[in-house]
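# Take a look and give me a structure for this.
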Amino acid sequence: QVQLVESGGGLVQAGGSLRLSCAASAHTAGTYNIGWFRQALGKEREFVAGINWNGGRTDYTDSVKGRFTISRGNNADTVYLQMNSLKPEDTALYYCAAVRATQSSVLVTATAYTYWGQGTQVTVSS
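Numbers count the residues shown, from 1 in each chain. All right, here's what the predicted structure looks like:
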């Protein structure tokens, strides 16, 4: 069982930055793939970014490429999502998710993940 806790959300003006953190209760480096998803009001949950078990592979949805960066911290049980040049359309509840790794590729579908955090709200004002 893995428990995930997100933090770092908040209110920021367009063009600003935030860094989200996903802290895991278990050692996830070398064991779990981690993904960040978001869900805006009235919309479906969508994949934002993911990192594989050893940090060697990452993937991003097209709308955040060049602006967001996912990484594993020195404390390997924490995964970060650095978000720069934020836009109002980035406003959403952001979730991190984990799944025990059975492959080296990044998983981009929500149904592939087993464990989910409660989410952290990101609001970008125009």
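# Contacts only, for the residue nearest to Y60 when sequence neighbours are not counted.
Excluding its sequence neighbours, the residue lying closest to Y60 (C-beta to C-beta, 6 or more residues apart in numbering) is A49, at 4.8 Å. Just so you know, the C-beta spots here come from the backbone N, C-alpha and C atoms, and that holds for glycine as well. Contacts for A49 (C-beta atoms under 8 Å, 6 or more residues apart in numbering) come out as 35-36, 58-61, 64, 68-70, 81.
# next one: V12
18, 86, 122-125.
# Pick the one among these closest to G8.
Taking C-beta to C-beta as the measure, L18 is the one of the contacts of V12 closest to G8, at 6.0 Å.
# farthest pair in the contacts of A49?
Using C-beta to C-beta, the two most remote members of these are G35 and T69, lying 14.2 Å apart.
# More neighbours: those two, which one.
The residue with more neighbours, out of G35 and T69, is G35; 27 against 16, by other C-beta atoms under 10 Å.
# Tell me which helix or strand the more buried one sits in.
Assigning secondary structure by DSSP states H and E places G35 in strand 32-39.
# which of the residues in that strand are buried?
Buried positions in strand 32-39, judged by neighbour count with 16 or more other C-beta atoms under 10 Å: 32-38.
# Appreciated, that's everything.
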